[in-house]
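Trainee: Got a predicted structure plus its sequence, pasted below:
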Amino acid sequence: MGLFVKGDTAGSGTSRLVGVSTNCSVSINNGSVETASKSGQAAQSISHTAVGASSFSFSVDGMVDITTAADALDGANEHGFNNLAKLALSGETVEVIFKADATTGGATYTGSAFIESLEATAGVDSFATYSCSLKGTGTLVQA
């Protein structure tokens, strides 16, 4: 599975893998709306539940890549922590794609999102890691 980001401050329309990721996820949530109506019998009501507003989000965790190539915003390079930080600081909305490896097939989920949170951690005697959450806007499309 991979999380891909399309578009950035450099104007690239190329979908690029979020680099050095160790896991990624997509979350789809449906709200519920409850209504009640009276039945024909006195003091008795019937509860109904319907689907309300829906939302979606993406998340990715990985290791921080400190190489110079990780900072490049050209079409061929992966999005590393530094590129995600640039997108977070600009507050821009980008197209995010959650998909399986092209060779194995499977569903693809695509939606517009912005970076809601980005955190990097560097402990003593351990790898520098990051965690990124992206909040969806609009509709999530399954293909």
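Mentor: Yep, it's here. Numbers count the residues shown, from 1 in each chain.
Trainee: F114 touches G91, doesn't it?
Mentor: Yes. F114 lies in contact with G91 (Cβ atoms under 8 Å); the separation is 6.4 Å. From N, CA and C alone the C-beta is placed, and that goes for glycine too.
Trainee: Okay, now the unreliable bits of this structure?
Mentor: 1, 7-13, 40-43, 66-78, 101-105 (pLDDT under 70).
Trainee: run the last query once more with 80
Mentor: 1-3, 6-20, 37-45, 65-80, 82-83, 100-106 (pLDDT under 80).
Trainee: any idea where the helices of it begin and end?
Mentor: Counting by DSSP state H, one finds helices in the chain at the ranges 81-90.
Trainee: center of it - which residue?
Mentor: To find the centre residue of the chain, average its C-alpha atoms and take the closest one (Cα atoms, centre = their mean): that gives F58, at 2.1 Å.
Trainee: which residues touch that one?
Mentor: L3, C24, S25, V26, S27, V96, F98, G111, A113, S133, L134, G136 (Cβ atoms under 8 Å, 6 or more residues apart in numbering).
Trainee: Perfect, I'm done here.
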